[in-house]
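> Got a predicted model here, sequence first, then my questions.
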Amino acid sequence: MQALVYDGQSPVLDPRHREPTPHAGEALIRPLRMGVCATDLAICRGYSGFTGVLGHEFVGVVEATGAKRDADWIGRRVVGNINCVNAVCDLVEAGLRDHARDRTVLGIVGRDGCFAERFVLPVENLLAVPDHVDDDHAVFAEPLAAAFQILRQLTIEGRPYITVLGDGRLGLLVAQVVNTLNATVRVVGRHENKLRLCEKWGIRHRLLGDVGLRQDQDIVIDCTGAATGIATAMQMVRPRGTIVMKTTTTPGDTPVDLSPLVIHEISLIGSRCGPFPDALQALSAGSVDIASLISKRMKLADGVQALREAAQPGVLKVLLTP
């Protein structure tokens, strides 16, 4: 089968990649849409040390299951949690399933991803997609869930000032989600064309070069995808404010002086994957603008070029189709 693979040096299209076979507890999925994520681009720069089939954002159809007891899933359109538990451990028992000590992560850690004609995922990870949510929207379930995770992690008091730092794919999803809070929200970024989308949603926005770094924000959410993002966030957040980190960086990125966290008693919250049911509910209700975030649709056969396109300034989400 055809698959987009990172071989440790560069992404390549493998036209004869071995088709996976689902084991007991797994489902074989045929993707309908796949989304190119900043993490996919980071992997191709060395992040996580991963090699194999790329991709973790998908909506697809279950074609087979490894056990007859799961056959009801066959034919259903699904999205799925990317964190796969291999063995129950103390963290799983404590409710931290996505942080299981022995886990694989779809297209990121130890498990081939979804940029292929077929891939496998545990049945327990699957969520059915409502019929009225189309494929273009459903493929955003994973990054939208990551945005909703922030709501679970923040404690909102009064009417705080919140800055979403970064106007890329994730930043614009996060901005729409946190704008539902009792807060004054703005997006700060580097691209006028991306920031203009905020006008449709009634969200304040500014170019980074036009913003005074006055340490006056109660909460700053770093969605820049750059190692320098946290340094900028520390210049924006007030003493005893909160920084939420959505950025992961690759080895060798410029070290950042973290002493302001101590000096100004700033709370730093790491934020990763999130609740898929919340994301599906928002997609079902149409409360998040997805269509405006789609820049291009390309074929899996053009996957290498799609990665290049996704890395271009001004491009938001690139979707792949089989």
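Sure, I can see it. Source: prediction; values computed, not measured.

> residues of stretch 62-80 that come out buried?
Neighbour-count burial for stretch 62-80 flags 62, 64-66, 70, 73, 77-80 (criterion: 16 or more other Cβ atoms under 10 Å). Every residue, glycine included, has its C-beta placed from N, CA and C.

> got these as JSON lines, with distance to residue 200, secondary structure and pLDDT columns?
What follows is those, written out as JSON lines (distance: Cβ to Cβ, whole Å; DSSP: H, G, I helix; E, B strand; the rest coil; pLDDT from 0 to 100):
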{"residue": "62", "distance to residue 200": "35", "secondary structure": "strand", "pLDDT": "98"}
{"residue": "64", "distance to residue 200": "42", "secondary structure": "strand", "pLDDT": "98"}
{"residue": "65", "distance to residue 200": "42", "secondary structure": "strand", "pLDDT": "98"}
{"residue": "66", "distance to residue 200": "44", "secondary structure": "coil", "pLDDT": "97"}
{"residue": "70", "distance to residue 200": "42", "secondary structure": "helix", "pLDDT": "98"}
{"residue": "73", "distance to residue 200": "37", "secondary structure": "helix", "pLDDT": "98"}
{"residue": "77", "distance to residue 200": "28", "secondary structure": "strand", "pLDDT": "98"}
{"residue": "78", "distance to residue 200": "30", "secondary structure": "strand", "pLDDT": "98"}
{"residue": "79", "distance to residue 200": "25", "secondary structure": "strand", "pLDDT": "98"}
{"residue": "80", "distance to residue 200": "30", "secondary structure": "strand", "pLDDT": "98"}
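
> Looking at the residues you listed, which is nearest residue 286?
Lowest distance from residue 286 to these (Cβ to Cβ) belongs to residue 79, with 16.8 Å.

> from the buried residues of stretch 62-80, which is closest to residue 132?
Checking those against residue 132 by Cβ to Cβ gives residue 77 as the nearest, at 11.4 Å.

> Just to check, that closest one is in contact with residue 58?
No - counting by Cβ atoms under 8 Å, residue 58 is not a contact partner of residue 77; they are 10.7 Å apart.

> Which neighbours do these two have in common?
Residues touching both residue 77 and residue 58 (Cβ atoms under 8 Å, 6 or more residues apart in numbering): residue 32.

> Name the nearest residue to residue 90, sequence neighbours excluded.
Spatial nearest neighbour of residue 90, excluding adjacent residues (Cβ to Cβ, 6 or more residues apart in numbering): residue 101 at 7.7 Å.

> residues near that neighbour, how many?
13 (other Cβ atoms under 10 Å).

> residues in contact with it?
89-91.

> and residue 258, backbone torsions?
phi -90, psi 10 (degrees, to the nearest 10).

> Distance of it relative to residue 146?
Going from residue 258 to residue 146 by Cβ to Cβ, to the nearest Å gives 23 Å.

> And these two? Which one has more around it.
A direct count of neighbours by other Cβ under 10 Å for residue 258 and residue 146 places residue 146 higher, at 23 against 13.

> looking at it, that one is touching residue 273, isn't it?
Yes - counting by Cβ under 8 Å, residue 146 touches residue 273, with 5.8 Å between them.

> Identify the residue nearest the geometric centre of this structure.
Centroid check for the chain by Cα atoms, centre = their mean gives residue 143 as the closest residue, at 3.4 Å.

> and that residue, what element?
helix 141-153 (DSSP states H and E).

> Over that helix, what's the mean pLDDT, rounded is fine.
Averaged across helix 141-153, the pLDDT comes to 98.

> And stretch 184-192, by the same measure?
For stretch 184-192, mean pLDDT rounds to 97.
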